[in-house]
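Q: attaching a predicted model along with its sequence, questions to come.
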Amino acid sequence: MDAREVIERFVRAASGGDEDAAAACVTEDAVIVVPGGRTLPPGPAGARAFAAQHAESDGRKQSVELRELAQRDGGHWLASLHLASTEVATGETLYEFHVGGVFRVEGYVISRIEAFASPREAEAALDPQSR
C-alpha cells in the first residue's frame, strides 16, 4: 500500500464511521487537528474519535468523499474533500460543502492530519510564504 492508498483508506473508513479501520491507518503518536485548531487525542484514539464524528447519530450521517489528492514536498499530501450531512430516513441532504486537508505520511501510515474549513485554507497551510 502506498501513501495515496493509505489516505484513501483512511477517508473511506472515517466517512463510513469505521473507527478500527481509521485507527489502523495512523501512527501511535499521530496528530489530528480539526478546524478551529482543536487537537484530538494522539494516535489511534484520535482516529477513532474522528471516524465516530461521521457515524450515524440522531438519524443523520456525515459522509466525506475524497475529490482531489496531490503530493507535496516532505511527505505532505493536499486533499480536497466533499462533506455532506444526510438525513438517514429520507436521504435528504441537509448541507454539503468542500473542505480541505493536509496529510503527512511516513512509510505506509499517516503521522499527521490537519482538517480545514476549505481547500484554500489547506493549501495556504502548506505554502511556505504564508508561514
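A: Structure received. Residues are numbered from 1 along each chain as shown.
Q: which stretches of the protein have low pLDDT?
A: Judged by pLDDT under 70, the chain has its weakly predicted residues at 128-131.
Q: what segments of it are strands?
A: Secondary structure of the chain (DSSP state E): strands at 26-34, 38-39, 60-71, 76-87, 93-106, 109-116.
Q: which secondary structure elements does the first one contact?
A: Counting contacts by 3 or more Cβ pairs under 8 Å, 6 or more residues apart in numbering; DSSP states H and E, strand 26-34 packs against strand 38-39, helix 44-52, strand 109-116. Every C-beta, even on glycine, is put in place using the N, C-alpha and C of the backbone.
Q: now the third one
A: In this structure, strand 60-71 packs against helix 3-15, strand 76-87, strand 93-106, with contacts taken as 3+ Cβ pairs under 8 Å, 6+ apart.
Q: picking that back up, select, out of the helices and strands packed on strand 26-34, the one closest to residue 19.
A: Nearest to residue 19 among these is helix 44-52 (4.0 Å), distances taken as Cβ to Cβ.
Q: and the closest one, what does it pack against?
A: Under the contact definition 3+ Cβ pairs under 8 Å, 6+ apart, helix 44-52 sits against helix 3-15, helix 19-23, strand 26-34.
Q: give the buried residues for it.
A: Buried residues in helix 44-52, counting neighbours by 16 or more other Cβ atoms under 10 Å, are found at 44, 45, 46, 47, 48, 49, 50, 51.
Q: now those in CSV, with distance to residue 29?
A: What follows is these, written out as CSV (distance: Cβ to Cβ, whole Å):
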residue, distance to residue 29
44, 10
45, 11
46, 10
47, 12
48, 15
49, 15
50, 15
51, 18
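Q: ok, of those residues, which one's closest to residue 98?
A: residue 50 (18.2 Å).
Q: the closest one contacts residue 40, correct?
A: Yes. With contacts defined as Cβ atoms under 8 Å, residue 50 counts as touching residue 40 at a distance of 6.1 Å.
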